[in-house]
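# Below are the sequence and a predicted model; questions follow.
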Amino acid sequence: MSGIVERIPTQLFIDGKWQDSADRSTFGVDDPGTEQRLCEVADGQATDAEAAVEAAAAAQEAWARTPPRERGEILRRAWQLMRERADDLAVLMTLEMGKTLAESRTEVNYAAEFFRWFSEEAVRIDGRYSPNPAGGGRLIVTRQPVGPCLLITPWNFPLAMGTRKIGPAVAAGCTMIVKPPQLTPLSMLNLADLLTEAGLPDGVLNVVPSTSATRIVNPVLADARVRKLSFTGSTEVGRRLVEQCAGNLQRMSMELGGNAPFLVFADADLDAAVRGALTAKLRNNGESCVAANRFHVAEPVAEEFTRRLTAEMSAQRIGHGTEKGVTVGPLISAEQRDKVIELVEDARTRGARVTTGGETVAGTGYFYRPTVLADVPEDARILREEVFGPVAPVTTFADEDEAVALGNDTEFGLVGYLFTRDLDRAVRVGENLHTGMVGINTGLVSNPAAPFGGVKASGFGREGGPEGIDEYLDTKYLALAVG
Ligand code: SIN
């Protein structure tokens, strides 16, 4: 494809310099659609992580003093560069992650918009000045950057999950150590290059890919100069990281797993519900923490909804993400495909009916056919576990109370979707779902201008929106005596 893989840097990025890892080791990055090696990337070691912390700590003070407008301008230039290079960025993402080119282009735009959004937020870091209610002074409240941050990004959105953390950190005046995912590090390395071109000073952003997350994370979090962790990934790993941050009481943002319910009420516009279902299920091939994980449909419309969804899912074209007309690419790895197989087989064994799909595609690449499961029994694992694949299990409900109870019957609380024409019901159910986000008559909630995040086992903290920068700012109060 366009030679983009040959053009991007594949070393560690520390203190503004590209360099080999301490022991010069590398690891391979593969195309999940062909199972072929794309390139080798420097495999970061613990001493590299320590060097990255040194660089971030050394750059922190001057960076915090850089005028907000200047920080915002760097993000704005980076947004512009991403738009100009959108085609190359998209191809690279498709090659390393598998999603279709159309989806990669959408992600590049989504990712770039975080930079534009936070370039605008950089100049709105406010505070307050008020009289002391008891008299004799003034209260000055201001906000300051938390300090060097560790940002751990996932493989499913190789660019957007990076810009969603880097954007507010830059805007707030924080320096960073980024640990990109082992499976898809290339987009982040390319982004580091682009941000340097946009004017980001040395040491502000350091990127350390590695085959061992703990090898990087342990020394970084053990250093008390690092003041914040932002993590996107599984709840299991998130729990361990929360414990690890206790040592130095680092601030945390945890964007963890989901198990999103998709509720279709009898009065819903079924065309809109099926369109929304396709978006919520097939966006990123289902490999998203906001993917609809289970469909609960009102009894009177369940059969018709399942029929229409089945027709749409079987009409998808599977293939390598770079091929024209392909709408569903491969899953990220053999391990991920096996997990999908396991959950579908579990449901099938317990009595679920496969109305389309339910199988892999022969040949190379980790492909799994878009699948709909009807009559899924309550005890099927797929209703409790995040499938992270193109599988839509459908069950029914009798009334609104049951729909809400089913929706909330999970330890997770990231997002819920509901389709109804009844505005009262939309507001009622939206408020009663125990989630951080709700999509009402839409299968897409993600938006750089909105606060993305969950409750319960889906984590805490918000990314995007005006709330996104708060995660990178400490509140400081100055007591001023006035005679
Ligand atoms: C995720 O899956 O981690 C985030 C998805 C999104 O931003 O839409």
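Sure, I can see it.

# Would you agree Met82 is in contact with Leu195?
No: the pair Met82 / Leu195 is not scored as a contact, 9.8 Å apart, by Cβ atoms under 8 Å. Just so you know, the C-beta spots here come from the backbone N, C-alpha and C atoms, and that holds for glycine as well.

# Can you name the residues of the stretch 351-483 of the chain sitting close to the ligand?
446, 452 (Cβ under 6 Å from any ligand atom).

# OK, contacts around the residue in the stretch 351-483 of the chain positioned nearest to the ligand?
For the stretch 351-483 of the chain and the ligand, the shortest gap (Cβ to the nearest ligand atom) falls at Ser446, measuring 3.2 Å. Counting by Cβ atoms under 8 Å, 6 or more residues apart in numbering, Ser446 makes contact with 110, 290, 452.

# Distance check, the first one against the ligand.
If I follow you right, that is Tyr110. Applying Cβ to the nearest ligand atom, to the nearest Å, the value for Tyr110 to the ligand is 7 Å.

# again, but for the second one
When distance is defined by Cβ to the nearest ligand atom, Val290 is 5 Å away from the ligand.

# Look up phi and psi at that residue.
phi -100, psi 10 (degrees, to the nearest 10).

# so it touches Asn259, yeah?
No: assessed by Cβ under 8 Å, Val290 is found out of contact with Asn259, at 10.7 Å.

# how about the residues of this structure that lie near the ligand?
Within the chain, the positions near the ligand by Cβ under 6 Å from any ligand atom are 154, 156-157, 160-161, 232, 288-290, 446, 452.

# on that earlier part again, find the helix or strand that the residue of the stretch 351-483 of the chain closest to the ligand is a member of.
Ser446 is part of no helix or strand, with elements assigned from DSSP states H and E.

# For the stretch 251-400 of the chain, which segments are assigned as strands?
For the stretch 251-400 of the chain, applying DSSP state E, counting those that start in this stretch gives strands covering 251-255, 260-264, 292-298, 353-356, 371-374, 391-397.

# Can I get these in a markdown table including mean pLDDT and mean neighbour count?
As requested, the strands of the stretch 251-400 of the chain are exported to a markdown table (pLDDT from 0 to 100; neighbours: other Cβ atoms under 10 Å):
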| stretch | mean pLDDT | mean neighbour count |
| --- | --- | --- |
| strand 251-255 | 98 | 22 |
| strand 260-264 | 99 | 28 |
| strand 292-298 | 98 | 27 |
| strand 353-356 | 98 | 18 |
| strand 371-374 | 98 | 26 |
| strand 391-397 | 98 | 24 |
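
# Which one's more surrounded, Val290 and Asn259?
Ranked by neighbour count (other Cβ atoms under 10 Å), Val290 and Asn259 place Asn259 first, with 27 against 23.

# Roughly how far does that one sit from Val415?
Using Cβ to Cβ, to the nearest Å, Asn259 is found at 10 Å from Val415.

# Check Glu359 too.
In terms of Cβ to Cβ, Glu359 sits 29 Å off from Val415.

# which one of the strands of the stretch 251-400 of the chain lies closest to Asp48?
strand 251-255 (23.3 Å; Cβ to Cβ).

# Who has more neighbours out of Glu359 and Val415?
More crowded of Glu359 and Val415, by other Cβ under 10 Å: Val415, with 29 against 12.

# so the more buried one makes contact with Ile440?
No: at 11.4 Å, Val415 and Ile440 do not qualify as touching, with contact defined as Cβ under 8 Å.

# now the helices for the stretch 251-400 of the chain?
270-282, 299-314, 334-349, 400-408 (DSSP state H, counting those that start in this stretch).

# Can you tell me which of the ones you listed is packed in deepest?
Per residue and on average, the most neighbours among those fall to helix 270-282, with a mean of 21 (mean count of other Cβ atoms under 10 Å).

# Which strands and helices lie in contact with it?
With contacts taken as 3 or more Cβ pairs under 8 Å, 6 or more residues apart in numbering; DSSP states H and E, helix 270-282 sits against strand 260-264, strand 292-298, helix 299-314, strand 415-419.

# Show me the one of the ones you listed that comes nearest Arg381.
strand 292-298 (11.2 Å).

# Do a quick rundown of the strands in the stretch 51-200 of the chain.
Ranges of strands within the stretch 51-200 of the chain are 128-131, 137-145, 149-152, 176-179, based on DSSP E, counting those that start in this stretch.

# Tell me how many other residues surround Gly413.
23.

# pretty sure it contacts Gly453?
No: the pair Gly413 / Gly453 is not scored as a contact, 9.9 Å apart, by Cβ under 8 Å.

# For the two, list the residues in contact with both.
Residues touching both Gly413 and Gly453 (Cβ under 8 Å, 6+ apart): Gly436.

# Report the contact partners of the nearest residue to Ala347 once chain neighbours are set aside.
Distances taken as Cβ to Cβ, 6 or more residues apart in numbering place Ala380 nearest to Ala347, at 4.1 Å, with adjacent residues excluded. Contacts for Ala380 (Cβ under 8 Å, 6+ apart) come out as 346-347, 350, 352, 393.

# got a list of what Leu189 touches?
8-11, 13, 41, 180, 207, 209.

# run the last query once more with 10 Å
Residues in contact with Leu189 (Cβ atoms under 10 Å, 6 or more residues apart in numbering) are 8-13, 18, 29, 41-42, 92, 178, 180, 207, 209.

# cool, and Gly468?
By Cβ under 10 Å, 6+ apart, the residues touching Gly468 are 114, 117-118, 121, 164-165, 167-169, 171-172, 253, 448-453, 461-462.
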